[in-house]
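Student: Next come a sequence and a model predicted from it.
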Amino acid sequence: MSETDEIPFGPGPLKGLMVLVAEDDAWTAERIGLILEEEGARLIGPCRSVAEARGLLARYDVQFVLIDLNLADNFADELVSDVIDRKIPFVLITGYEAFPSNVHERAVAVLRKPFTRRRLIELLSQFA
């Protein structure tokens, strides 16, 4: 991961939005990261685990979080709690049809995999 203060904001509807991505699937994480950067956001991560995401959340001034419900080391409930405590808006990303807990109730939205670029940008542009 590059230091975020070295990466200039690109043009686009997400210009300036600091987005933490917690996603353990490499292909999905790369796709999300490319979309965010092309649309002007500053990418934090991506993180494969709850522990890594919590560390980056404490280190950076994150303005929005995209969270895969099931990360490499655990379900994302602890990360969601941290995000809620910091009053940071978040979207859950999942392939699950049913939720193993109620963490989705406080999310801005739930993106079901696979999701479209357009839907992702629409959700995040409200917060840029």
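Tutor: Sure, I can see it.
Student: Pull the contacting residues for Gly40.
Tutor: Taking CB atoms under 8 Å, 6 or more residues apart in numbering, we find Gly40 in contact with 9-17, 128. C-beta: built from backbone N, CA, C; applies to glycine.
Student: Now restrict the residues you listed to buried residues only.
Tutor: 12, 14, 17, 128 (16 or more other CB atoms under 10 Å).
Student: Please produce a markdown table containing these, extended by pLDDT.
Tutor: As requested, the buried ones among the contacts of Gly40 are exported to a markdown table (pLDDT from 0 to 100):
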| residue | pLDDT |
| --- | --- |
| Gly12 | 89 |
| Leu14 | 96 |
| Leu17 | 96 |
| Ala128 | 89 |
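Student: Closest one of these to Ala107?
Tutor: Leu17 (16.9 Å; CB to CB).
Student: So for the protein, the centremost residue is which one?
Tutor: By CA atoms, centre = their mean, the chain has its centre lying nearest to Leu66, at 1.8 Å.
Student: Neighbours of the closest residue in space to that residue that isn't next to it in sequence, how many?
Tutor: The shortest distance from Leu66 to any non-neighbouring residue, by CB to CB, 6 or more residues apart in numbering, is to Val21 (4.9 Å). Neighbourhood size, Val21 [other CB atoms under 10 Å]: 24.
Student: same thing with the one 5 residues further on?
Tutor: Other residues near Ala26 number 10, with proximity taken as other CB under 10 Å.
Student: how much space between it and Gly12?
Tutor: Distance of Ala26 to Gly12, given as CB to CB, to the nearest Å: 24 Å.
Student: residue ranges of the strands in this protein, please?
Tutor: Secondary structure of the chain (DSSP state E): strands located at 18-22, 42-47, 64-68, 90-94, 109-112.
Student: Mind giving me the packing neighbours of the longest one?
Tutor: Meaning strand 42-47. strand 18-22, helix 26-38, helix 50-59 (3 or more CB pairs under 8 Å, 6 or more residues apart in numbering; DSSP states H and E).
Student: Dump those to a markdown table, plus distance to Glu122 and mean pLDDT.
Tutor: Formatted as a markdown table, the helices and strands packed on strand 42-47 follow (distance: least, CB to CB, whole Å; pLDDT from 0 to 100):
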| stretch | distance to Glu122 | mean pLDDT |
| --- | --- | --- |
| strand 18-22 | 14 | 98 |
| helix 26-38 | 12 | 95 |
| helix 50-59 | 23 | 97 |
